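**Student:** what's the 3D shape of this:
(4 chains)
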Protein chains: 2
Amino acid sequence: MTRTRIVVADDHHILLDGLNALLQKQKDIEVVGLYDNGQKLFDDLPNSKPDVALVDISMPGMNGCELTQKIKEFYPKVYVITLSMFDDATHIMEMIEAGVSGYLLKNVNDKELLDAINMVKDGRMYFSAEVSEKITTMIVHQQKKLAQPEEPKLTERELEVLTLVAQEMNNAEIAKALFISERTVETHRKNMLRKTNNKTIVGLLKYALERNLI
Amino acid sequence: MTRTRIVVADDHHILLDGLNALLQKQKDIEVVGLYDNGQKLFDDLPNSKPDVALVDISMPGMNGCELTQKIKEFYPKVYVITLSMFDDATHIMEMIEAGVSGYLLKNVNDKELLDAINMVKDGRMYFSAEVSEKITTMIVHQQKKLAQPEEPKLTERELEVLTLVAQEMNNAEIAKALFISERTVETHRKNMLRKTNNKTIVGLLKYALERNLI
DNA sequence: CCCTAAATACACGCATAAGGGTATTTTCAT
DNA sequence: ATGAAAATACCCTTATGCGTGTATTTAGGG
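**Tutor:** Numbering: from 1, shown residues only, chains lettered A, B, ... in the order given. Predicted coordinates for the structure are as follows:
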């Protein structure tokens, strides 16, 4: 079994030293790079060839978010764990979108850090409990928004029409496509506008896109 | 240290028995309920009071997705792990939106299952490697879509106009709101349509919403 | 069997967007 | 200071959507 190759970027030397000391003690881990900023870590990737990158989120120059994006763009096989002081939804989302496989808070204990490394090196994801909770809340929130159907439900047929409207077809084209008369298409549009309290298709389209109806 | 209370729902008795046998062997786990469908599991929650629910995704009656939603709605402290045969993006997203803390494929081995239980019981999340990869791909995809700047950038002013268009204002109203002539509004619309290769505002609006421009 | 919701269809008129131009002024970077 | 891009403005014509109203047929639940 080969050892997991790890690189670390953090502009706080104390933390960098602490991490290094901890990681050096592990016999299944090999530290192949320590950097005090993101750019240096990135530039050294062809040489360091790590399995896992441990990156601070706030660093001078290239920050953890940009660094992660660039790593995932050019070396998608390198799994990134971010070490952050922030546990707010915005930071978490940003990093997840950037492509991290793990998100740890800086108060992480040794065992959890090693757990996280073990998880992500195999391609899984690791989020600490606080972060998991935030993610769950965000998703539940989002889902709440989506899940609220509050009646003015559009019918199947109406959605068909709306889908074609969204494809920039005009009523005549839609009529032809659905083998119905142009009048019927007009009626469907009118009914949809009425049901959803919208004045124009623009509002209707927003309504539909927000609810992932089309 | 108290033992983790677990309930399981699966309509395949063999799998249910197998899981039960495995879980019974663990001294830090207590199986407090086995059900052959989701409804039974849900109805028994006030009595079983589990820490973790292990649910099959495809069950007759209430399926895993609905079950998870209901569990998270009424008992948010119960963490759900889904056991699924499907590793496609759609199923995974559905379950995440429903609020699962873990997603395992049915080819899961004993160790991974126990790992997953240990993770989620502490409020963290666990996704097997295949699932993690899918999630990463989805997020990266989504991000790619957002990150694409590709030229036909709209100007500040054009975006202002578009924002008002999206609020279902007509050209006259927009003109009044921005203290410009209706002709100018028309010009902005035309220029935007041309730049983005759209025929109607509908297409333009989709363009803008997809890129979070407004 | 009845009732309702949905899907179908049509008429008329007004309002408005789209499509084609052209042109002036402002702003900003080279 | 000059040139390009952006914002401003106007004209004309055609196409299309919106508003309001009515009506028939079909499908499904009670």
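**Student:** distance check, A:E73 against chain B.
**Tutor:** According to Cβ to the nearest Cβ, to the nearest Å, A:E73 and chain B sit 9 Å apart. Every C-beta, even on glycine, is put in place using the N, C-alpha and C of the backbone.
**Student:** and whichever strand or helix holds A:I92, what's buried?
**Tutor:** When elements are defined using DSSP states H and E, A:I92 is found to belong to helix A:89-98. Using 16 or more other Cβ atoms under 10 Å in any protein chain shown as the test for burial, helix A:89-98 gives A:91-92, A:94-98.
**Student:** what of stretch A:108-123?
**Tutor:** Along stretch A:108-123, the positions that meet the burial threshold by neighbour count (16+ other Cβ under 10 Å) are A:108, A:112-121, A:123.
**Student:** try stretch A:129-140
**Tutor:** Going by neighbour count (16+ other Cβ under 10 Å), the buried part of stretch A:129-140 is A:130-136, A:139-140.
**Student:** the residue nearest the centre of chain A and A:S132: what is the separation?
**Tutor:** For chain A, the residue sitting closest to the mean C-alpha position, by Cα atoms, centre = their mean, is A:E97 at 3.0 Å. When Cβ to Cβ, to the nearest Å is applied, the distance between A:E97 and A:S132 equals 17 Å.
**Student:** one more: A:V165?
**Tutor:** Separation of A:V165 from A:S132 (Cβ to Cβ) stands at 40 Å.
**Student:** any residues of chain A in contact with DNA strand D? List them.
**Tutor:** Applying Cβ under 7 Å from any atom of the strand, one finds that chain A approaches DNA strand D through A:170-172, A:186-187, A:189-190, A:193, A:199-201.
**Student:** return only those of these found close to chain B.
**Tutor:** Among the residues of chain A next to DNA strand D, the ones lying near chain B by Cβ under 8 Å from any Cβ of the partner chain are A:170, A:199-201.
**Student:** among these, name the buried ones.
**Tutor:** A:I201.
**Student:** which one of the ones next to chain B among the residues of chain A next to DNA strand D is nearest to DNA strand C?
**Tutor:** Sorting those by how near they are to DNA strand C, with Cβ to the nearest atom of the strand, puts A:T200 at the top with 7.5 Å.
**Student:** ignoring the adjacent residues along the chain, who's closest to that closest one?
**Tutor:** In space, not counting the residues next to it along the chain, A:T200 is nearest to B:E168; the distance is 5.2 Å by Cβ to Cβ, 6 or more residues apart in numbering or on different chains.
**Student:** contact partners for the one you found?
**Tutor:** Residues counted as contacts of B:E168 (Cβ atoms under 8 Å, 6 or more residues apart in numbering or on different chains) are A:198-200, A:202-203.
**Student:** quick one: these as a markdown table, columns for secondary structure, pLDDT and distance to A:M1 too.
**Tutor:** As requested, those are exported to a markdown table (DSSP: H, G, I helix; E, B strand; the rest coil; pLDDT from 0 to 100; distance: Cβ to Cβ, whole Å):
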| residue | secondary structure | pLDDT | distance to A:M1 |
| --- | --- | --- | --- |
| A:N198 | coil | 87 | 61 |
| A:K199 | coil | 87 | 65 |
| A:T200 | coil | 89 | 63 |
| A:V202 | helix | 89 | 59 |
| A:G203 | helix | 88 | 59 |
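**Student:** which residue packs closest to A:L34, ignoring adjacent ones?
**Tutor:** Spatial nearest neighbour of A:L34, excluding adjacent residues (Cβ to Cβ, 6+ apart): A:V8 at 5.3 Å.
**Student:** just to be sure, the one you found is in a strand?
**Tutor:** Yes: with the criterion set as DSSP: H, G, I helix; E, B strand; the rest coil, the secondary structure at A:V8 is a strand.
**Student:** show me what it bridges to in the sheet.
**Tutor:** Residues found in beta-bridge contact with A:V8 (criterion: DSSP bridges) are A:L34, A:L54.
**Student:** dihedrals phi and psi, A:D56?
**Tutor:** Main-chain dihedrals, A:D56, degrees, to the nearest 10: phi -70, psi 150.
**Student:** reformat the contacts of B:E168 as CSV; add distance to A:G102.
**Tutor:** Written out in CSV, the entries for the contacts of B:E168 read as follows (distance: Cβ to Cβ, whole Å):
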residue, distance to A:G102
A:N198, 43
A:K199, 47
A:T200, 46
A:V202, 42
A:G203, 41
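**Student:** would you tell me which one of those comes nearest to B:P46?
**Tutor:** For those, the closest approach to B:P46 (Cβ to Cβ) belongs to A:N198, at 43.1 Å.
**Student:** re the thing from before, let me have the buried residues of helix A:89-98 in CSV, extended by distance to DNA strand C and pLDDT.
**Tutor:** Supplementary listing: the buried residues of helix A:89-98 in CSV, determined by distance: Cβ to the nearest atom of the strand, whole Å; pLDDT from 0 to 100:
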residue, distance to DNA strand C, pLDDT
A:H91, 31, 86
A:I92, 35, 89
A:E94, 28, 85
A:M95, 32, 90
A:I96, 34, 87
A:E97, 30, 83
A:A98, 29, 87
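**Student:** so which of these are also by chain B?
**Tutor:** The overlap between those and the neighbourhood of chain B (criterion: Cβ under 8 Å from any Cβ) consists of A:96-98.
**Student:** coming back round to it: got a pLDDT number for the residue nearest to A:T200?
**Tutor:** pLDDT for B:E168: 89.
**Student:** now do A:V55 against chain B, distance only.
**Tutor:** In this structure, A:V55 and chain B are separated by 16 Å, where distance is defined by Cβ to the nearest Cβ.
**Student:** which residues touch that residue?
**Tutor:** Residues near A:V55 by Cβ under 8 Å, 6+ apart: A:8-10, A:38, A:41, A:64, A:67-68, A:80-83.
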